[in-house]
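S.K.: show me how the following folds:
(chains A and B)
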Amino acid sequence: MLQLLVGLGFDRTRAQVQRWVDRLFYGGWYDYPAVVETVSDALARSLARAQLEDVLTRRVPEMMQLHPGELWIGEPGAVPRREVVAPQLQFPLFFEGQVRGVWTVGGRLDGDDFTPTDRRILHTLARQAEIALSNVLLVEALQRWLDEIREGQHQLLCSREEERARLARDLHDGPVQLLVGLNMQLGLLLSSGGDTPLSEELRAVRGEVRGLLSDLRQVCAELRPPMLDTLGLGAALRALAEEWREQHGKTVDLDLPPDAVLLSLPEEGAVNLYRVAQEALANAARHATAGRVGLCLAWDDGRLELAIEDDGHGFAVPEALRDLAAEGHFGLVGMQERVDLIGGERGFIVVSSLWIHLSSVCPGRACSIHRNPL
Amino acid sequence: MNRVLIVDDQPRFQRHLRRLLRRAGLTVVGEARSIAEAAGVIEEQAPDLAVVDVMLPGVSGLAGTPRLKALVPGLRVILVSAHRDRAELFKAAAAEAGAEVFFAKDDLDLAVVRAWVDRGPAAEA
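M.R.: You can find the predicted model right below:
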């Protein structure tokens, strides 16, 4: 009997000593207010799944001396069915009335059961984690909407360019060819008829036909510069600069890399770079009162930079470009959209009162575009 | 030097050019709608002269010119286009591609075409 009592006493003593040893090595206590304060702060800053997961499965266990936990985030209806093994705890995390996350908390490192205080703190953290999860899911939804809007803009710009190209092609293949043929027929008639009163009439008609051809060509060129599809971006920019020089009587300094470099650009990049240059030149003519414009397209070790500079007076630009759009000025916003389109993640525009700097990346190449006073 | 191949994807223009060339005393030995088709006709007909549109489906007239010239040594190529604005850029590109000359389509008339025969490779736009 005595032996039994000594044995039982030894067993209890050994368990208590074991707990003291565990606490000594693994820590059996933690600073409750500090845990709540630190974790609350970290959760409030969590806007991505990885951050939330780090807080709940690494930082909380570290601070509360727990075994590592797990976090599941998913669609409603896909909640994993998994039994919780004591002493683990599990907290469902709700978003818009549905379970969108499950936080599984590992047991205490010292082997003890969770105390009522532990449970109260974990419950509080779980409610905060629910708010953090809501933030994460809302940010993700917002990102998806932004991606959709960006994709929509991309599609809109692409389809606008495609539509313009199609119209130009239809005009070229239809009415332009018809008038070219008519002009040739009139030429044949004139060459075989000698000099008669009728030939005077024919010459006049031929003049009309040529005039109409010229007008149609102008429309085609505005819809889609023929240079872009035949001679490439370099020739198209040379033609653009020449046209601008003739229209406005101002100097354009043109500096371009070899055509081979520009011909290797993807079509989408070339078309949009051309449109950005076109818009920048139009702006310089319309607003800058510039006497001289520089258009430089430089190629440097895989990086393509388009610089459009003028010696105009510059302008005060609002902090957000969309403010310009709200005032009915869409030029810069349109340029920004195009730069974003060819620039992917790195496409951006920075504007100050004196200069504009756009930077973007064509697929496989880097481009930056800026407009400064000379 | 009067066997001509027309390379243009516009049937209407092919028809008008054919008439013009015949009136000028040239023989049209074939018509093609693309550079690939033209290569086949050249191998069969061995023309002296090819009148090639700049804008063709697939390979452009500019890119196709060296390919056609490689098939027949001495083949003269004249590039044409319905576009005439900034013709100097097309002329420079045509010369670089190895074409004899570039013409806007609406500048083509009997006198111009006869000059191709009369003055040969020296003909000027």
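
S.K.: show me which residues of chain B are close to chain A?
M.R.: B:10, B:12-13, B:15-17, B:19-20, B:23, B:54-55, B:60, B:62, B:81-86, B:89-90, B:93, B:105-106, B:108-111 (CB under 8 Å from any CB of the partner chain). (C-beta placed from N, C-alpha, C; glycine too.)

S.K.: from those, list just the buried residues.
M.R.: Listed as buried from the residues of chain B next to chain A are B:10, B:13, B:16-17, B:20, B:54-55, B:60, B:62, B:81-86, B:89-90, B:93, B:105-106, B:108-110; burial here means 16 or more other CB atoms under 10 Å in any protein chain shown.

S.K.: among those residues, which lie within helices?
M.R.: B:13, B:16-17, B:20, B:62, B:89-90, B:93, B:110 (DSSP state H).

S.K.: please identify which of the residues you listed is nearest to A:Leu122.
M.R.: B:Leu62 (73.4 Å; CB to CB).

S.K.: which residues of chain B score low on pLDDT?
M.R.: B:1, B:118-125 (pLDDT under 70).

S.K.: for A:Leu66, grab phi and psi.
M.R.: phi -120, psi 160 (degrees, to the nearest 10).

S.K.: residues in contact with it?
M.R.: A:60, A:105-109 (CB atoms under 8 Å, 6 or more residues apart in numbering or on different chains).

S.K.: and those residues as a markdown table, adding distance to A:Pro68?
M.R.: Converted to a markdown table, the contacts of A:Leu66 look like this (distance: CB to CB, whole Å):
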| residue | distance to A:Pro68 |
| --- | --- |
| A:Val60 | 10 |
| A:Val105 | 9 |
| A:Gly106 | 5 |
| A:Gly107 | 10 |
| A:Arg108 | 12 |
| A:Leu109 | 10 |
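
S.K.: select from these the one having the most neighbours.
M.R.: A:Val105 (28 neighbours; other CB atoms under 10 Å in any protein chain shown).

S.K.: need the strands for chain A, in chain order.
M.R.: Using DSSP state E, the strands of chain A run over residues A:70-73, A:89-95, A:98-105, A:251-255, A:292-300, A:303-310, A:348-351, A:356-362, A:365-371.

S.K.: each with direction, which strands does the longest one pair with?
M.R.: Just to be clear, that refers to strand A:292-300. Here strand A:292-300 is paired, per DSSP bridges, with strand A:251-255 (parallel), strand A:303-310 (antiparallel).

S.K.: avg pLDDT for it?
M.R.: Across strand A:292-300, pLDDT averages out at 79.

S.K.: contacts for that strand, please.
M.R.: Against strand A:292-300 from outside (CB under 8 Å, 6+ apart): A:233-234, A:237, A:241, A:244, A:250-258, A:261-262, A:273, A:277, A:281, A:284, A:304-311, A:374.

S.K.: ok, A:Pro257 - contacts?
M.R.: A:Pro257 touches A:234, A:297-299, A:304, counting by CB under 8 Å, 6+ apart.

S.K.: nearest to A:Thr124, of these?
M.R.: Nearest to A:Thr124 among the contacts of A:Pro257, with distances taken as CB to CB, is A:Leu304, at 55.0 Å.

S.K.: show me what contacts the residue most central in space within chain B?
M.R.: Nearest to the geometric centre of chain B sits B:Val51, at 1.3 Å (CA atoms, centre = their mean). Neighbour list for B:Val51: B:4-8, B:17, B:21, B:78, B:80 [criterion: CB under 8 Å, 6+ apart].

S.K.: about what we covered before: most tightly packed of the strands paired with strand A:292-300?
M.R.: Compared across these, strand A:303-310 shows the largest average neighbour count, a mean of 20 (mean count of other CB atoms under 10 Å in any protein chain shown).

S.K.: for that one, what is the distance to the chain centroid?
M.R.: Counting by CA atoms, centre = their mean, to the nearest Å, strand A:303-310 is centred 21 Å from the centre of its parent chain.

S.K.: what's the span of stretch A:57-76 from first residue to last?
M.R.: One end of stretch A:57-76 sits 21 Å from the other (CA to CA, to the nearest Å).

S.K.: could you check the angle strand A:98-105 makes with the longest helix anywhere in chain A?
M.R.: Longest helix in chain A, counting residues (DSSP H): helix A:116-171. Orientation check (axes from the mean of the first three to the mean of the last three CA atoms, to 10 degrees): helix A:116-171 against strand A:98-105 gives 130 degrees.

S.K.: and the ones in helices among the buried ones among the residues of chain B next to chain A as a markdown table, adding distance to A:Met64?
M.R.: Below are these laid out as a markdown table (distance: CB to CB, whole Å):
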| residue | distance to A:Met64 |
| --- | --- |
| B:Phe13 | 83 |
| B:His16 | 89 |
| B:Leu17 | 88 |
| B:Leu20 | 93 |
| B:Leu62 | 73 |
| B:Leu89 | 74 |
| B:Phe90 | 77 |
| B:Ala93 | 74 |
| B:Leu110 | 97 |
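
S.K.: which one of those residues is nearest to B:Ala36?
M.R.: After measuring these against B:Ala36 - CB to CB - the closest member comes out as B:Leu62, at 15.3 Å.

S.K.: spatially nearest residue to the closest one, not counting backbone neighbours?
M.R.: Once flanking residues are discounted, B:Leu62 sits nearest to B:Ala97: 4.8 Å by CB to CB, 6 or more residues apart in numbering or on different chains.

S.K.: ok, B:Leu26 - contacts?
M.R.: Per CB under 8 Å, 6+ apart, neighbours of B:Leu26: B:2-4, B:49, B:113, B:116-117.

S.K.: tabulate the residues you listed (CSV), appending neighbour count, secondary structure and distance to A:Leu125.
M.R.: Converted to CSV, those look like this (neighbours: other CB atoms under 10 Å in any protein chain shown; DSSP: H, G, I helix; E, B strand; the rest coil; distance: CB to CB, whole Å):
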residue, neighbour count, secondary structure, distance to A:Leu125
B:Asn2, 15, coil, 93
B:Arg3, 15, strand, 90
B:Val4, 27, strand, 87
B:Leu49, 24, strand, 86
B:Val113, 23, helix, 89
B:Trp116, 24, helix, 88
B:Val117, 17, helix, 93
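
S.K.: which two of those have the greatest separation?
M.R.: That would be B:Arg3 and B:Val113, which, of the contacts of B:Leu26, are the farthest apart (CB to CB) at 13.9 Å.
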